[in-house]
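S.K.: Next input, structure requested:
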Amino acid sequence: MYRFKRYATFLVILLLILSFSSCEKQADDLQSVSFKIQNVTNSSKKAVNPQDDRIPVCKDDLPAYVIAKISGVDYKLNVLAGLNDGTETQVLKLDADNYTLQDFKVYTATDELIWAAPISGSYYANLFGLQGVSLDFTVAPFEKSKLNIDVLCWQDYSYKDFGFNWFDYNRVEIKTLCFFGDICVDDYVEWHEAQSPYFEQDYDGYDFPAIFKVIIKTENGVIVNDESVNSNLSWKGEGVPLCIEYPDFVGQDDNYIFEIFLMMPDGNYDSSPYITQQFSAEDDYINITGDDGVYVFAYGICTDTEDPQACETAFAKFENIETSDSDLEIGYVLTNKSSDNPEGYPMLSITAKWGWAGNIKDDGTYTYDIWAAAGKNDTSKGYLVGDLSVTKDGNSVNVTYSMDSGYVMDELHLFAMDTKPTGTANGQFKYGDSASSGVFENLNGGEETQFTLNFDLTDNDGDGIWFIAHSVVCDDD
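M.R.: Residues are numbered from 1 along each chain as shown. I've put the predicted structure just below:
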C-alpha cells in the first residue's frame, strides 16, 4: 500500500544512553524512554461511528498525559507543556530488553480520552498506511532507538435530509465530498429496460438520477478513497448523495483529482471519466461543492420545461485560429473523445459532452456564433441561434449573449476566468476576479433574448483569459 506522509501523530520513543562513571554497567541501570506527540485530528464514516470503535471523539482540550501499555504494564506519563509546544512526555526508565507496545492513549487533565493508536491491520491503519499497535521494539543498552506510532481521533459530520443543503462540519483530517447527478436524455425509456442498472428506478420522465462512481487520487495517480464504497449503484442514485472520504494530512498541501465515471445502460461504467476536476484538501469544501454542500452534475441538459424537445443546449463556438501569433485568441473543444472533434480543434479533454471554449489575450471586441444541438461538435447537425460578443479592455470585460429572431434563452452558464477550465458542471461556471456564480436560470421566465455581464478579470500570468459560454435556447413560440 502506498505510504503517505504520517497522517496522525508521530510518537517518538527515544532511548537515551545514561551517563556512567566506570567501564562496568551496574545491574540496576535503566534506559531512558520519552514519548513525543503532536496534536492532530481526523474523522470517519457516515455520521454514526468510526470504522474502528476504539477511536475517541475529537476534543479541543489539550493533552495532559498518556497511558502506554508496554508488555502488560500500564505507564502514566505526563505531557510536558513547556517542551516542544506540549508534545513530549516525561522520561520513562526501562531495562534493556525486548518489549511490545500494546496500547497508547492520550488523555486530558480531566481524564478524557482524546487520541488513541489504531490497531495494526484495522480499517484506517490499512486504508491510510498508519503504524498502529501492537508493535514490538527493543531497548538496547548504550544505543538510541526511535519508534514511530500514529494516533487518531474521530470528528463527526452530518448532512440534512435530501434537498441540497447537506453539510455542516468542522475542519477534520479525513474529509468528505458528496456528489449527486442527473441524467436528462430523450431515450430515457431505453435507459430503463430490464437489463439496465436503471431498471425499476423511481423517476418521472426524461430527468432521472445518475448512477456513477467516484475516484479520488493524488496528482501522481495514487487512489486515496475506499474503492469498495465509491459507487451509488446499490441505491440506484436515488434519494441521497454519494459521499466519499479522503485524507487531509496536517502540515502539508494535499492536491487531489476526482473523477466521476457514469454507469451506462449496458451495466458498465464508461471507460473515460465524465468529469475530471482538480482540488486541494486545504480548500473549504464549499469552494468545490457550492453552498448546498453537494457537487451536482448533469448528463444532458436538464431544464424545468415540460417539453424537453422545445429547448436545446447551445455553445458559443470560439474560432480555431491556426497561427504562430500567440497573441491571438484560439478555440478549443471540451470533449475527451477525438472522434467528437471533426474540425481538429485543440482538446481540453474535460468532458464527454460537446461544446467549445476560448482563450483571449489581446484587448478588443470579438464576436462568435452560438450553435444549438451541434452534437459531437458537428455544426452540420445543429443550427445558429445567436451570437456572443466579448469585449476586453485591460481588466474590464463585457460579455453579451444576443439571440436571433425566433429564439429565447431559458438558462445561461458562463465561465470567464484567468485559469483554464477543468470541468463543465454548474459549480465550475464562474466569472470575474470575484469568482461570482456564472449560473443564471429561468431568465425572465425563459423569455430572455439578450443578456449582458460587465465585470473585472485580471490576466495575472499573461496567458489569456478563458471562456465557456453555454446556454439553454428554446423556440420563441
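S.K.: so where's the stretch 351-477 of the chain uncertain?
M.R.: Scanning the stretch 351-477 of the chain for pLDDT under 70 picks out 352, 477.
S.K.: before we move on, what about the stretch 201-350 of the chain?
M.R.: In the stretch 201-350 of the chain, residues with pLDDT under 70: 204-205, 303-310, 321-329.
S.K.: what do you get if the cut-off is 90, keeping everything else the same?
M.R.: 201-207, 219, 238-239, 247-254, 280-294, 296-313, 319-330, 335-341, 344, 349-350 (pLDDT under 90).
S.K.: For it, just list every one of the strands.
M.R.: Applying DSSP state E, counting those that start in this stretch to the stretch 201-350 of the chain gives strands spanning 207-209, 212-218, 242-247, 255-262, 275-280, 295-300, 311-317, 330-335, 347-351.
S.K.: likewise the stretch 351-477 of the chain?
M.R.: 356-360, 364-372, 383-393, 396-403, 407-417, 430-431, 436-437, 439-441, 450-456, 465-475.
S.K.: among the ones you listed, which is nearest Ala117?
M.R.: strand 430-431 (43.3 Å; CB to CB). Where you see a C-beta, it was placed from the backbone N, CA and C, and this is true even at glycine.
S.K.: Export the strands of the stretch 351-477 of the chain as CSV, with columns for distance to Gly251 and mean neighbour count.
M.R.: Listed next are those as CSV, based on distance: least, CB to CB, whole Å; neighbours: other CB atoms under 10 Å:
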stretch, distance to Gly251, mean neighbour count
strand 356-360, 37, 23
strand 364-372, 46, 17
strand 383-393, 41, 18
strand 396-403, 39, 19
strand 407-417, 30, 23
strand 430-431, 30, 20
strand 436-437, 33, 14
strand 439-441, 36, 16
strand 450-456, 36, 13
strand 465-475, 33, 24
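S.K.: would you list the ones you listed in CSV and tack on distance to Ala281?
M.R.: Output for those, formatted as CSV (distance: least, CB to CB, whole Å):
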stretch, distance to Ala281
strand 356-360, 27
strand 364-372, 37
strand 383-393, 34
strand 396-403, 32
strand 407-417, 21
strand 430-431, 21
strand 436-437, 23
strand 439-441, 25
strand 450-456, 30
strand 465-475, 25
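S.K.: So which of the ones you listed is nearest Cys184?
M.R.: Ranked by CB to CB, the member of these that lies closest to Cys184 is strand 465-475, at 10.7 Å.
S.K.: what are the C-alpha coordinates of the closest one, in PDB please?
M.R.: In PDB, the C-alpha atoms belonging to strand 465-475 read as follows (Å, rounded to 0.1, in the frame of the first residue of the first chain):
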ATOM      1  CA  ILE A 465      -8.500  34.600 -20.100                       C
ATOM      2  CA  TRP A 466     -10.700  31.600 -20.600                       C
ATOM      3  CA  PHE A 467     -14.300  31.400 -21.600                       C
ATOM      4  CA  ILE A 468     -17.100  28.800 -21.900                       C
ATOM      5  CA  ALA A 469     -20.500  30.300 -23.000                       C
ATOM      6  CA  HIS A 470     -23.200  27.700 -22.600                       C
ATOM      7  CA  SER A 471     -27.000  28.300 -22.700                       C
ATOM      8  CA  VAL A 472     -30.300  26.600 -23.000                       C
ATOM      9  CA  VAL A 473     -32.100  28.000 -26.000                       C
ATOM     10  CA  CYS A 474     -35.800  27.500 -26.800                       C
ATOM     11  CA  ASP A 475     -38.100  28.200 -29.700                       C
END
